[in-house]
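In: Need a 3D model of the sequence below.
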Amino acid sequence: MLLRISDRFRAWAKGWVILSIIAAFVLVINLPLADPTLISMSLDGQFAYTPEQAFSAMASYGNEGRVQMLWIHLADFILIILYTSMFCLTISWLFQRGFQLDSRMQRLNLVPILGGFFDLMENLWIITLLLIYPAQPTLVAWLSTISTTGKYIMGIPIILLLLIGLIKAAMNRFKAQEGVITAG
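Out: Prediction:
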């Protein structure tokens, strides 16, 4: 199944598709969904936090703020899909120009999915905290911070893969390598 997903990303890795997803991402991220001050207080903008900090944040939002944060985190699912697709496709496009098409390196185009998974889980845990407030389940708060930290840590291999792909593709003058890309 993972091989088929990887092959699909490789088949869809066209410049116009990637640019369209980037444009959609920029459009969505710039929508005025909530008070910028409230957004700056969001847990998902912090690298790590304790359950006490999570519960304090929930209280500081107030009733109206918690409703806004709920909508922000629900809308964030769209951003997760967009940026995960953007990274998977960009890595695919670069690696098709940097490595032989039958290389195992091509499968690394799936790494951003793990980052997207952590972000998805982070949103689910934060939404849970928002919905059950004033309850303060420590386990849910820890799961939230673990997911947030995982999301940020996954940025490191994603950036490294983009840099490796860019360097290797540049070394090949951005010419697509010979071979067949299947869409499985």
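
In: where does this structure dip in pLDDT?
Out: 179-184 (pLDDT under 70).

In: so who does the residue nearest in space to the middle of it touch?
Out: Most central in the chain under Cα atoms, centre = their mean is Gly116, positioned 3.8 Å from the mean C-alpha point. Contacts for Gly116 were tallied using Cβ atoms under 8 Å, 6 or more residues apart in numbering; they are 80-81, 83-84. In this view, the C-beta of every residue, glycine as well, is placed from N, C-alpha and C.

In: so Trp93 makes contact with Trp16?
Out: No - with contact defined as Cβ atoms under 8 Å, Trp93 does not count as touching Trp16 (11.0 Å).

In: The two: which has the busier surroundings?
Out: Between Trp93 and Trp16, counted using other Cβ atoms under 10 Å, the more crowded position is Trp93 (23 against 7).

In: ok, Ala34 to Gln53 distance?
Out: Distance of Ala34 to Gln53, given as Cβ to Cβ, to the nearest Å: 20 Å.

In: Ok, Asn63 next?
Out: Using Cβ to Cβ, which is the criterion applied here, Asn63 is 20 Å from Gln53.

In: Now Gln136: which helix or strand?
Out: Using DSSP states H and E, Gln136 sits within no helix or strand.

In: in which helix or strand would I find the residue nearest to it when sequence neighbours are not counted?
Out: Nearest residue to Gln136 in three dimensions, chain neighbours excluded: Phe55, at 4.8 Å (Cβ to Cβ, 6 or more residues apart in numbering). Following DSSP H and E, one finds Phe55 within helix 51-98.

In: Any buried residues in whichever helix or strand comes after that helix, and which?
Out: Remark: after helix 51-98, the chain's next helix or strand is helix 111-132, criterion DSSP H and E. Buried residues in helix 111-132, counted by 16 or more other Cβ atoms under 10 Å: 111-130.

In: just stretch 76-90 next, same as before
Out: 76, 79-90.

In: And for Gly15, the neighbour number?
Out: Neighbour tally, Gly15, other Cβ under 10 Å: 9.

In: what sits against it?
Out: Applying Cβ under 8 Å, 6+ apart, the residues near Gly15 are Trp93.

In: again with Leu110
Out: Neighbours of Leu110 in contact, by Cβ under 8 Å, 6+ apart: 2, 5-6, 9, 88.

In: same thing but 10 Å
Out: 2-3, 5-6, 9, 84, 88, 91-92 (Cβ atoms under 10 Å, 6 or more residues apart in numbering).

In: same check, this time on Leu143
Out: Contacts of Leu143 by Cβ under 10 Å, 6+ apart are 51, 121-122, 124-126, 128-129, 137.

In: Tell me the buried residues in the helix or strand harbouring it?
Out: Per DSSP H and E: Leu143 is located in helix 138-171. The neighbour-count check on helix 138-171 (16+ other Cβ under 10 Å) flags 140-141, 143-145, 147-152, 154, 158, 161-162, 164-166, 169 as buried.
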